[in-house]
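Novice: no sequence for this one, just the structure:
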């Protein structure tokens, strides 16, 4: 195999000061490791299709949060499972079929994460979309939308999270129960939307440039 990796680390400070006398400051560190693996024979053969490859990612607040040996073993195992395996063409029997098709899929966190971000943060528990009736949760507060095996917390203080303890208005964040056993319990608001909903701000104001596009969103679901 040919192994390739990108290792990152950094430190950042967020400072919020408003004309209302709010002053918030938070400094945090970050570390990340993205690993890739490719089949050597395929990579070295001119024009060969790259059919065997693997990806792995891990991150946290410090270098010790990353288990490099475990990630490397995962990369090797993923490529080994693909070696000599028959390639499956899901459309082989449906060359003239244009309708919907359904397949079983085993997906890892790096794949599922972005999907859940758009589903829950941008379009689901977003207070702006919820009030405007554009969220699939609009009108479903205290109603069962998911299965009983689904409980969702928005926890900015989770040890694996990399979120500031306050929003971009300086409002302190808190752990919020968004869904309990499939029942929708809360959505996310900044101060402006909270007034419209006649509730308290949940501490989810985001930068003004982004707020014009999407509004409040969960921080670390």
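Specialist: Everything's here; your move. Being a predicted model, the structure only gives us computed values, none of them experimental. Numbering: from 1, shown residues only.

Novice: list the helices and strands the lengthiest helix in the chain packs on?
Specialist: In the chain, taking DSSP state H as the definition, the longest helix is helix 68-82. Counting contacts by 3 or more CB pairs under 8 Å, 6 or more residues apart in numbering; DSSP states H and E, helix 68-82 packs against strand 23-38, strand 53-60. C-beta here means a position set from N, CA and C on the backbone, and glycine is covered the same way.

Novice: now these in TSV, with mean pLDDT and mean neighbour count?
Specialist: Below are these laid out as TSV (pLDDT from 0 to 100; neighbours: other CB atoms under 10 Å):
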stretch	mean pLDDT	mean neighbour count
strand 23-38	92	16
strand 53-60	88	17
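
Novice: quick one, which of these is nearest to residue 89?
Specialist: strand 53-60 (18.2 Å; CB to CB).

Novice: and the angle from that closest one to helix 68-82?
Specialist: Put simply, strand 53-60 runs at 160 degrees to helix 68-82, going by axes from the mean of the first three to the mean of the last three CA atoms, to 10 degrees.

Novice: Now the terminal residues of stretch 181-201, how far apart.
Specialist: 24 Å (CA to CA, to the nearest Å).

Novice: Among the helices and strands packed on helix 68-82, single out whichever gets nearest to residue 139.
Specialist: Residue 139 lies closest to strand 23-38 among those, at 34.3 Å (CB to CB).

Novice: Show the subsequent helix or strand relative to the closest one.
Specialist: helix 40-44 (DSSP states H and E).

Novice: How far away from the center of its chain is that next one?
Specialist: Put simply, helix 40-44 sits 33 Å off its chain's centre (CA atoms, centre = their mean, to the nearest Å).

Novice: Buried residues of the longest helix of the chain, list them for me.
Specialist: 71-72, 74-75, 78-79 (16 or more other CB atoms under 10 Å).

Novice: How far does the following helix or strand past it sit from its chain's centre?
Specialist: Going down the chain from helix 68-82, the next helix or strand is helix 109-116, by DSSP H and E. Relative to the mean C-alpha coordinate of its chain, helix 109-116 is positioned 6 Å out (CA atoms, centre = their mean).

Novice: Between strand 53-60 and helix 109-116, find me the angle.
Specialist: Using the same axes, to 10 degrees: helix 109-116 against strand 53-60 is 70 degrees.

Novice: For helix 109-116, list every residue counted as buried.
Specialist: Across helix 109-116, burial judged by 16+ other CB under 10 Å covers no residue at all.

Novice: just the angle between that helix and strand 23-38, please?
Specialist: Using the same axes, to 10 degrees, helix 109-116 lies at 130 degrees relative to strand 23-38.
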